[in-house]
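> What follows is a predicted structure for the sequence shown.
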Amino acid sequence: MISESLLPWYDKHARDLPWRLSPRQRCANPERQFTDPYHVWLSEIMLQQTTVVTVKSYYLKFLDLWPTVHELAAEELDKVLSAWAGLGYYARARNLHRCAKMISEDFGGVFPNNEEDLLVLPGVGPYTAAAISAIAFDEPSTVVDGNVERVIARFYALKDPLPGVKGQMKACAAKQTPAQRSGDYAQAMMDLGATICTPRSPACVICPIQENCKGRKGGIAADLPKKAPKKIKPTRRTYAYVFKDNKGRVLLRRRPDKGLLGGMTEVPTSGWLEGQDPLLDPTLEVLAEWDSFQGIVKHTFTHFHFEIVVRSAEFSQDVSRLAKELGASWHSEDDFGALALPTVMKKILRHAKLST
């Protein structure tokens, strides 16, 4: 069993992470054996598609603002989105708020301890359910993230490419999940993948499970897991319209709750067109005399590249009427920090010589 060699290594070398109760912390305080489920859930939602380094400061900020799930549930969605701005994948923030409400109102603030019940929660998929179950409650759940996939692929020398091999990876990982200390084992596997069994140049000579690793023995560890060729990302293009009034304020509006960047604050744009030049928005064009800034703003989402031409104009007429027509509101630069501005919108405003 991997756990026989891995857990002693983890007891000595566990990463110090703000959402984790390490073996050393438990030894120092025997009454605290497991991490608060709220902390596990919050960190795991943030860590989806995001690096540990990036998540640390956001996690601590959220706990400072909302120390309990009840306080997070009682907060306005806009303030949660604002605190989330910069983490990306904003559907996670909306689901985070929905889930907090469900836990607070329907579960009395108590997280379920098993995968089946956890999967009912908004934004909680199989991986997150397994992670909460194992880490917060020490249930023997099989936790498989990218790090674990890599360790398992190398340990068993699984040569079929991702994503087709994922089912086999999960089955192999399940065989290795111990009945006791499942949460520590899950975190140990993640640490092993993050610090030793890394994507490039794995440090096999110091790996605690090298003795039984088929990938190391076959000299193919560094080549696993194999991946199918990446699809070429398409490019979408648009115009962004930066309205300014004579007080230096900018017109911003909220995006629809559903869809990409749902519920976030945006600079008005024309259609996001794929594979062709952007089209001017006739409704916005007639409202002012526009100038385009030189250069374009570039941003990359998960499934496409994004290119934006930024146009700017001063609007000195009935600013209240304009805001009402566009479903928007006027904001000074001092307001930007409190708004739920995604990174791409911050780039647009900076391109328009505004600080964010």
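Cool, got the structure.
> Just to check, residue 277 is in contact with residue 237?
Yes - the criterion here is CB atoms under 8 Å, and residue 277 meets it with residue 237 at 6.3 Å. C-beta: built from backbone N, CA, C; applies to glycine.
> the more surrounded of the two?
A direct count of neighbours by other CB atoms under 10 Å for residue 277 and residue 237 places residue 237 higher, at 20 against 8.
> Can you spell out which residues form a bridge with that one?
residue 273, residue 307 (DSSP bridges).
> Kindly state the pLDDT recorded for it?
pLDDT, residue 237: 97.
> How much space separates it from residue 274?
Computed with CB to CB, to the nearest Å, the distance linking residue 237 and residue 274 is 8 Å.
> Same question for residue 220.
39 Å.
> When the two are compared, which one has more neighbours?
residue 220 (15 against 11).
> okay but residue 356 is in contact with residue 341, surely?
Yes - counting by CB under 8 Å, residue 356 does reach residue 341; the two are 6.4 Å apart.
> Those two - which one has more neighbours?
Taking neighbours as other CB under 10 Å, residue 356 and residue 341 compare with residue 341 leading, 26 against 15.
> OK, contacts around that one?
85, 252, 264-265, 349, 356 (CB atoms under 8 Å, 6 or more residues apart in numbering).
> still on that earlier bit, so what sits against both of residue 356 and residue 341?
Shared contacts of residue 356 and residue 341, defined by CB under 8 Å, 6+ apart, comprise residue 349.
> If I follow the layout properly, residue 280 ends up in contact with residue 239?
Yes - with contact defined as CB under 8 Å, residue 280 counts as touching residue 239 (5.9 Å).
> looking at the protein, which helix or strand is least sure?
For the chain, using mean pLDDT, DSSP states H and E, the weakest element among its helices and strands is helix 23-28, scoring a mean of 66.
> pLDDT on the helix or strand just after that one, on average?
Sequence-wise, the next helix or strand downstream of helix 23-28 (DSSP states H and E) is helix 37-47. In this model, helix 37-47 has a mean pLDDT of 97.
> Could you give the average pLDDT over stretch 87-106?
95.
> just stretch 159-170 next, same as before
What stretch 159-170 shows for mean pLDDT is 96.
> Name the residues that touch it?
142, 144, 148-149, 152-153, 158, 220, 224-228.
> Buried subset of those residues, written for PyMOL?
Per 16 or more other CB atoms under 10 Å, the buried members of these correspond to this PyMOL selection:
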select buried, resi 142+144+148+149+152+153+158+224+225
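> In the contacts of stretch 159-170, which has the lowest confidence score?
Lowest pLDDT among the contacts of stretch 159-170: residue 228, 88.
> for this protein, what spans make up the strands?
Remark: strands assigned in the chain by DSSP state E are 235-244, 250-254, 265-266, 273-274, 291-292, 297-300, 305-314, 328-331.
> Output those strands in JSON lines; the columns should cover distance to residue 19.
Compiled in JSON lines, those are given as follows (distance: least, CB to CB, whole Å):
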{"stretch": "strand 235-244", "distance to residue 19": "35"}
{"stretch": "strand 250-254", "distance to residue 19": "30"}
{"stretch": "strand 265-266", "distance to residue 19": "28"}
{"stretch": "strand 273-274", "distance to residue 19": "38"}
{"stretch": "strand 291-292", "distance to residue 19": "45"}
{"stretch": "strand 297-300", "distance to residue 19": "28"}
{"stretch": "strand 305-314", "distance to residue 19": "31"}
{"stretch": "strand 328-331", "distance to residue 19": "33"}
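> Go through those strands and name the closest to residue 54.
strand 297-300 (15.6 Å; CB to CB).
> any idea of the mean pLDDT for that closest one?
97.
> and that strand, what other elements does it pack with?
Here strand 297-300 touches strand 305-314, helix 343-351, going by 3 or more CB pairs under 8 Å, 6 or more residues apart in numbering; DSSP states H and E.
> Would you mind listing the buried residues in the first one?
Of the residues in strand 305-314, those with enough neighbours to count as buried (16+ other CB under 10 Å) are 306, 308-313.
> for the shortest one, same thing?
Of the residues in helix 343-351, those with enough neighbours to count as buried (16+ other CB under 10 Å) are 344-349, 351.
> quick revisit: give me the more crowded residue out of residue 280 and residue 239.
Neighbours per residue, other CB under 10 Å: of residue 280 and residue 239, the larger number sits with residue 239, 20 against 14.
> hmm, back to that, dump the contacts of stretch 159-170 into JSON lines; add distance to residue 269 as well.
Output for the contacts of stretch 159-170, formatted as JSON lines (distance: CB to CB, whole Å):
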{"residue": "142", "distance to residue 269": "43"}
{"residue": "144", "distance to residue 269": "38"}
{"residue": "148", "distance to residue 269": "39"}
{"residue": "149", "distance to residue 269": "37"}
{"residue": "152", "distance to residue 269": "43"}
{"residue": "153", "distance to residue 269": "42"}
{"residue": "158", "distance to residue 269": "44"}
{"residue": "220", "distance to residue 269": "47"}
{"residue": "224", "distance to residue 269": "42"}
{"residue": "225", "distance to residue 269": "39"}
{"residue": "226", "distance to residue 269": "39"}
{"residue": "227", "distance to residue 269": "34"}
{"residue": "228", "distance to residue 269": "33"}
